[in-house]
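Participant: below: sequence and its predicted model.
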Amino acid sequence: MEYRLLGRTGVKVAPLCLGSDNFANPTPEAESIAMIERAIDAGINLIDTSNSYAKGESERIIGRALAASGRRDQVLVATKAHYPTGPGPNDCGNSRLHLMKACEESLKRLQVDCIDLFQLHRPSFELPIEETMCALTDLVRQGKVRYVGCSTTPAWKAMESIMVSELKGYVRFVSEQPPYNLLDRRIENEMVPFCQEYQLGIFPWSPLAMGILAGRYADADKTPEASRAALRGGIYAERVTARGIEVGSRFVQLAKDRGISPAQLAVLWVKDQPGITAPLIGPRTLEQLEHFLPVMEMQLDDQTRAACDALVPPGSAVADFHNSAPWMKMQVL
């Protein structure tokens with residue numbers, strides 16, 4: 001398996017990373033731990049989580065799994081902070097106060113001395129970027145964080161952070177974690193070229209478009225009971241549209257014509273797009289994880305790439321996976 005460099009660091013990561021948003025919500029702890037073990041056995045060496053996933057339980061599960069197995073040094077532990085973790089007005093955001101507290105709490109839940117990649121779950125437009133980058137710099141200098149990154153950020157905001165880091169001598173973002181799949185390709189317009197130019201790694205989330213590209217949905221008004229759209233509703237349900245389902249069904253047929261499962265092709269397409277470091281797979285079951293693992297050794301051929309471009313042209317979108325980012329003003333019709 002070919003490992004890939006994380007941005008301009010010397011760190012190498014597998015071409016797939018394990019996302020943990022399903023841990024404890026709904027995946028039981030025992031199966032979550034089994035997935036962690038299997039992923040490491042297969043060569044996956046980055047596990048991504050957040051202090052907001054299952055109210056911190058996702059981090060706790062990862063911490064217990066790595067402590068029990070003694071395999072902490074075999075993986076990079078990545079987590080995020082930004083979303084509310086309590087009822088107080090300062091229990092959220094990217095302020096120095098919140099980030100310092102969030103980091104300490106994540107360290108305890110994860111049972112680690114240092115977080116390998118500490119990411120801003122979302123950007124903040126309410127405070128100067130200097131405060132955020134200074135706080136992240138202090139966390140690195142204190143030995144509590146090794147690298148820092150951002151998620152679902154506009155390119156101009158990420159550029160602002162790099163400018164401030166260069167001027168002030170602060171730590172610099174090494175990665176961005178955006179929504180990216182065949183149904184929503186908008187990061188190709190600015191974010192991907194930006195990351196390529198300034199050497200940021202890209203860890204896309206939702207490569208399966210929440211299962212739409214796997215043929216999970218047949219009707220936007222009748223979501224399957226166990227689907228994420230049904231279980232969580234809100235912004236998740238809003239991403240499932242008639243147009244997206246129509247394109248998804250054509251994608252499913254395209255995959256079958258090529259002798260590959262739609263889920264595997266959806267992840268493979270993201271993995272082999274220009275500028276991508278590694279997509280985040282978020283399996284709900286151990287069986288789903290096993291299904292994704294062969295993709296690490298696959299390569300997307302030019303004919304299939306062109307067929308996918310014909311379904312959704314580069315830079316465009318037929319479903320809105322930026323709907324958790326108020327800064328994205330371009331609407332998907």
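Facilitator: Right, received. Where do you want to start? All values derive from a computational prediction rather than experimental measurement. Residues are numbered from 1 along each chain as shown.
Participant: wait, is A307 part of a strand?
Facilitator: No: assigned with DSSP: H, G, I helix; E, B strand; the rest coil, A307 falls outside any strand and is helix.
Participant: and the nearest residue to it once chain neighbours are set aside, what helix or strand is that in?
Facilitator: Using CB to CB, 6 or more residues apart in numbering and skipping the chain neighbours, the partner closest in space to A307 is L254 (5.6 Å). For glycine as for every other residue, the C-beta is placed from the backbone atoms N, C-alpha and C. Using DSSP states H and E, L254 maps to helix 242-257.
Participant: I'd like the mean pLDDT over that helix, please.
Facilitator: For helix 242-257, mean pLDDT is 96.
Participant: that helix: how far from the chain's middle?
Facilitator: 23 Å (CA atoms, centre = their mean, to the nearest Å).
Participant: buried residues in it?
Facilitator: 244-245, 247-249, 251-252, 254-255 (16 or more other CB atoms under 10 Å).
Participant: output the contacting helices and strands for that helix.
Facilitator: Contacting helix 242-257 under the criterion 3 or more CB pairs under 8 Å, 6 or more residues apart in numbering; DSSP states H and E are the following elements: helix 262-271, helix 302-311.
Participant: and these: which comes nearest A67?
Facilitator: helix 262-271 (29.4 Å; CB to CB).
Participant: who's in contact with that closest one?
Facilitator: 15-16, 180-182, 204, 207-209, 213-215, 251-252, 254-256, 258, 260, 276, 278-279, 281, 288, 291-292, 294-295, 298-300, 304-305, 308 (CB atoms under 8 Å, 6 or more residues apart in numbering).
Participant: same thing but 6 Å
Facilitator: 15, 180, 182, 204, 207-208, 213-215, 252, 255, 279, 292, 295, 298, 300, 308 (CB atoms under 6 Å, 6 or more residues apart in numbering).
Participant: send the alpha carbons of it over as CSV?
Facilitator: Output in CSV follows, covering the C-alpha atoms of helix 262-271 (Å, rounded to 0.1, in the frame of the first residue of the first chain):
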residue,chain,number,x,y,z
PRO,A,262,-21.1,1.6,-5.7
ALA,A,263,-19.8,2.3,-2.2
GLN,A,264,-16.3,1.3,-3.2
LEU,A,265,-16.4,3.4,-6.4
ALA,A,266,-17.7,6.4,-4.5
VAL,A,267,-14.7,6.2,-2.0
LEU,A,268,-12.2,5.4,-4.8
TRP,A,269,-13.4,8.4,-6.8
VAL,A,270,-12.6,10.7,-3.9
LYS,A,271,-9.3,9.0,-3.0
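Participant: chain center to that helix: distance?
Facilitator: For helix 262-271 - counting by CA atoms, centre = their mean - the centre lies 15 Å from the chain centre.
Participant: what residues of it count as buried?
Facilitator: Going by neighbour count (16+ other CB under 10 Å), the buried part of helix 262-271 is 262-271.
Participant: now the helices for the stretch 101-250 of the chain?
Facilitator: 129-141, 155-168, 191-198, 228-232, 234-238, 242-257 (DSSP state H, counting those that start in this stretch).
Participant: any idea of the angle the first one forms with helix 155-168?
Facilitator: Following axes from the mean of the first three to the mean of the last three CA atoms, to 10 degrees, one obtains 60 degrees for the angle between helix 129-141 and helix 155-168.
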